[in-house]
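Novice: Generate coordinates for the sequence data below:
(chains A, B and C)
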Amino acid sequence: MKTIQRFLFQNPLDLFLLSLPLTLAGEIFHWPALAVFSLTCIGIIPMAAYIGKATESLAHFTGPRIGGLLNATLGNAAELIITIVAIRAGLLELVKASITGSILGNLLLVMGLSFVVGGTRHGRQIFDKRNASRNAILLVLAVLAMLIPSLFSHSIGPETSPKVEALSLGVAAIMIILYIFGLLDAAKSGDTPVTQEPAPASILPKWSMKTAIITLVLATTGIVWLSEVLVGVIEPVVSGLGVSEFFLGIILIPIIGNAAEHLVAVQFAGQNKIALSVEIAVSSSLQIALLVAPILVFLSLALGHPLTLIFNTFELLALIAGVIIAALVSADGESSWLEGAALIGIYLILGLAFFLLPV
Amino acid sequence: MKTIQRFLFQNPLDLFLLSLPLTLAGEIFHWPALAVFSLTCIGIIPMAAYIGKATESLAHFTGPRIGGLLNATLGNAAELIITIVAIRAGLLELVKASITGSILGNLLLVMGLSFVVGGTRHGRQIFDKRNASRNAILLVLAVLAMLIPSLFSHSIGPETSPKVEALSLGVAAIMIILYIFGLLDAAKSGDTPVTQEPAPASILPKWSMKTAIITLVLATTGIVWLSEVLVGVIEPVVSGLGVSEFFLGIILIPIIGNAAEHLVAVQFAGQNKIALSVEIAVSSSLQIALLVAPILVFLSLALGHPLTLIFNTFELLALIAGVIIAALVSADGESSWLEGAALIGIYLILGLAFFLLPV
Amino acid sequence: MKTIQRFLFQNPLDLFLLSLPLTLAGEIFHWPALAVFSLTCIGIIPMAAYIGKATESLAHFTGPRIGGLLNATLGNAAELIITIVAIRAGLLELVKASITGSILGNLLLVMGLSFVVGGTRHGRQIFDKRNASRNAILLVLAVLAMLIPSLFSHSIGPETSPKVEALSLGVAAIMIILYIFGLLDAAKSGDTPVTQEPAPASILPKWSMKTAIITLVLATTGIVWLSEVLVGVIEPVVSGLGVSEFFLGIILIPIIGNAAEHLVAVQFAGQNKIALSVEIAVSSSLQIALLVAPILVFLSLALGHPLTLIFNTFELLALIAGVIIAALVSADGESSWLEGAALIGIYLILGLAFFLLPV
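Specialist: I've put the predicted structure just below:
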């Protein structure tokens, strides 16, 4: 009993694993959609955390170069899986909303919470300005590039026209090339935001390579299954709750998919390592713009539901605002809890606006 | 005679007090609207200056914490009174324009004039970058938060719909909470832009607490009366001059309401205290976004003329431009007269564009 | 033979002079429009380079003050001539597109290429932050001022209405005044971005004043003639290639008109003088906004084809994005090849979007 208690105290997220059998029961006995939806949401969080830990462990065996790449791709595995399942189900608006929402969540919510937690415990926190502003610049460039098709498409033609599709594919190709350049730069200088820095060994589980791979496979399978269930109940949930698919995509899905990673960022802030928190938030956003979004564009084409990089006005405005804020806040090289509170305030205001949008 | 001369030389604004009896005469003998309008405008300026001086004096008796709060709320008293009177008269567009105009005036005109005056006298001026960029970040966050309802409202519903009203109230509530957080932070660190720093004792009148309170009451009463007169003649002035209510609100009202404060900022620049000038411009804008605007939202609801935070496109664009400029200019940590001239140039161009907008 | 070889090796652009007789032949024998178009494009490049060198040489005789002014005006001579010829032919959209395209080309393409060339040869490059951010601030202010009429005009009236024309002229006047202020500031402090710094003597040809003036006259005449030919074949080229006049104006014309200057900027980057590259890109953009654009507004009025400063949405968005990026990148005070690649990536994405816009 005590062992279980201690285990849960150290790994509070594992409590959420209980939702897995419940989800299965819900599926079998046809529980209400909202119940099943909540259970899957809860279940995805520890799965994503396991993928994260397994990846970090693996990264220690592969060396920094491949490890960085592993971290970058598998660090977004949970979200990639959910969005790919959603694309297969044709929920393209949900997918685009969740791309936007991930970036916003990282830049406003995670950075905000980190600043508040760090600031209340340690007062004003200083971090390396040069590094932070270098990453912020790349982020602004990446997000601006990602937004150009949206700004031009309505004059080029309807979203399904071949020209708009061509623009979207062209942008996706350029982004992947930039991402590869980023990897090359990382290989040389070992100091780049496109791959994520390995976590300090102290917070890593002491797993063997075998354990890591098995955990990875199991957790991935689990997320695939949970995603299928989640996507299957989205329609009844949307019509039942009176909440828009857009709101689910832009607020809820990103929080679930990134919860584990977000927790890590906030923990670092509490340990007075605010630079790591800022880096996680910015790198994670950068990976979504330069890696996840283009992968989804190409994969969706193969899946027969072509996803274009055409975001709606709200996504555009929120992204531009989020990116400008993140650039300003991190170029500054210091953080305070008041700044953090303002970031969370903006996230709440955006959330309220998204919530009030008609279905 | 000499005493009066010296008094006027030291307090040139007091000459404007002559407009008070003239306004009264204008009211009684039904002078033309434009004459009465001009007289009230002139009369408000010294009244606002008296409120400012009385507040500063009081702040010295109350200690820094309550003093900072007093400065912040009463520093905007003139504008608050004019806008409340205008809300009661149902001139909601004028009020929203004057909120925008106050922020623009502070960031472009006051900062511009300060840079020109400071730069021509003292050459390139340097100020503390960290402090300035910290305040600029909070300003950008506050103004972006204030603008979100405007960006979303047209998709949510008409301006008078309950959902848009809800969004506006939600944003106002979050802003006031952020303002209170700012006060808490000020109480701890004594270094925050949401309250205004007390003026150096050298420029303060040596008033007793009693004199200060009496001056405050008299000047406030005077502004209430002048505002009533001003708002009463706005309609004939608008139709007589062929100038839009929007132009009056965005250019004229803010200049009048803030003239006294602006003068102080420019004087500091002349005394080579450019950091104080920048702080006044940025803090003042921040107080309008985080304190004055939400107060007006809640008060207007009580007055039966609900004011929503839905600004028109021109206000949006001008505010976004103004805030980006202010962030850039102050994050830089130095000022030149050329930069100041460019800020004034942008203010003039915006003024010309506002002037040319159809009535 | 060897002399010619060595000459061409040192002056590779001169090879392009061969296109002059070919253009003439094309004109006489009515070669296809596309061939003539390509030949004139190639011919303009070395002519612009000769104007640049002649101006630099002259500047050494006139002293720094007048020299700076000479550099600024004649440095944009090629582009000014092409656009004036285009205005006379009534191709106003082409002219406005080329104003936008010059600024974009400088900020994205030239800065991007410089960063890539400098970064691959010398690793991360550091440059003086204060100077760079000072120039960037003036650039943001100038471009924002230039964009205000576009943002307001559609509410003021149609583009040809007297009020819109008045706004455009007012803005042009304020810009020229700011430019003159910039010159005055340069005369005092000798350190301003509105005039271009003289090139290091090492890269200057050792020309006498007479040679410089003759070269200037010949090259200018050449460009006038080539511009006439170029503008004459634009219509058949547009309809033949299926490419829009807008694309020619925003991508092609600026690259041709500024090729020589761009080459210099990239060469500086290769010589580890990245600060000079950044300054050329930013100064050049600043001169277009504060000097070239207003001159064209006033000249076009005299030529009977009034050009207003009303840019279309794509130009607006591209300019705003370009200017924000340039401000961020140069305020940072350091450059890397990855940053350069991202700048070029954005330029390519914009180019692709412009290319896909319907004719």
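Novice: Isn't A:Ile325 up against A:Leu343?
Specialist: Yes - using C-beta atoms under 8 Å, A:Ile325 is in contact with A:Leu343, at 7.0 Å. Placement of C-beta: from N, CA and C, glycine included.
Novice: Could you list the residues of the stretch 251-359 of chain A in contact with chain C?
Specialist: Within reach of chain C by C-beta under 8 Å from any C-beta of the partner chain, the stretch 251-359 of chain A has these residues: A:324, A:327, A:331.
Novice: For the last one, give me its contacts.
Specialist: With contacts taken as C-beta atoms under 8 Å, 6 or more residues apart in numbering or on different chains, A:Ala331 has the following neighbours: A:129, A:132-133, A:136, B:331, C:328, C:331-332.
Novice: related to what we said a few turns ago, looking at A:Ile325 and A:Leu343, which is more packed in?
Specialist: Between A:Ile325 and A:Leu343, counted using other C-beta atoms under 10 Å in any protein chain shown, A:Leu343 has the larger neighbour count: 28 against 23.
Novice: Tell me which residues touch that one, please.
Specialist: By C-beta under 8 Å, 6+ apart, the neighbours of A:Leu343 are A:107-109, A:111-112, A:115, A:325, A:329, B:141.
Novice: at 6 Å instead, please
Specialist: Neighbouring residues of A:Leu343 by C-beta atoms under 6 Å, 6 or more residues apart in numbering or on different chains: A:108, A:111-112.
Novice: Then A:Ala269?
Specialist: A:114, A:117-118, A:277.
Novice: Quick check: it is in a strand.
Specialist: No - under DSSP: H, G, I helix; E, B strand; the rest coil, A:Ala269 sits outside any strand and is assigned helix.
Novice: just to revisit the earlier point, ranking the contacts of A:Ala331 by neighbours, who comes first?
Specialist: A:Ala136 leads those on contacts (other C-beta under 10 Å) with 27 neighbours.
Novice: any low-confidence regions in the stretch 51-200 of chain A?
Specialist: Scanning the stretch 51-200 of chain A for pLDDT under 70 picks out A:63-65, A:68, A:72, A:187-200.
Novice: B:Thr220: which of the residues of the stretch 251-359 of chain A next to chain C is nearest?
Specialist: Top of the list for closeness to B:Thr220, among these and by C-beta to C-beta, is A:Ile324 at 39.2 Å.
Novice: how close does the closest one sit to chain B?
Specialist: 7 Å (C-beta to the nearest C-beta, to the nearest Å).
Novice: Would you mind giving me the confidence score for that residue?
Specialist: According to the prediction, A:Ile324 has pLDDT 84.
Novice: What is the neighbour count of it?
Specialist: 22.
Novice: tilt between the helix or strand it falls within and helix B:313-331?
Specialist: A:Ile324 belongs to helix A:313-331 when elements are defined using DSSP states H and E. Taking axes from the mean of the first three to the mean of the last three C-alpha atoms, to 10 degrees, one finds that helix A:313-331 is oriented at 10 degrees with respect to helix B:313-331.
Novice: got the buried residues for helix A:313-331?
Specialist: A:314-331 (16 or more other C-beta atoms under 10 Å in any protein chain shown).
Novice: what residues are up against A:Leu291?
Specialist: Counting by C-beta under 6 Å, 6+ apart, A:Leu291 touches A:Tyr179.
Novice: where does the residue of the stretch 251-359 of chain A found nearest chain C land on pLDDT?
Specialist: Among the residues of the stretch 251-359 of chain A, A:Ala327 lies closest to chain C, at 6.3 Å counting by C-beta to the nearest C-beta. The model reports A:Ala327 with a pLDDT of 83.
Novice: cool, and A:Ile28?
Specialist: So, for A:Ile28, pLDDT stands at 85.
Novice: what's the answer for A:Ala201, then?
Specialist: Looking at A:Ala201, its pLDDT reads 54.
Novice: Check A:Lys2 too.
Specialist: Note on A:Lys2: pLDDT of 63.
Novice: Equivalent analysis for the one 3 residues further on, please.
Specialist: Model confidence at A:Gln5, expressed as pLDDT, equals 63.
Novice: for the one 5 residues further on, same thing?
Specialist: According to the prediction, A:Gln10 has pLDDT 63.
Novice: hang on, A:Gly52 packs against A:Ala260?
Specialist: Yes - with contact defined as C-beta atoms under 6 Å, A:Gly52 reaches A:Ala260; the gap is 5.3 Å.
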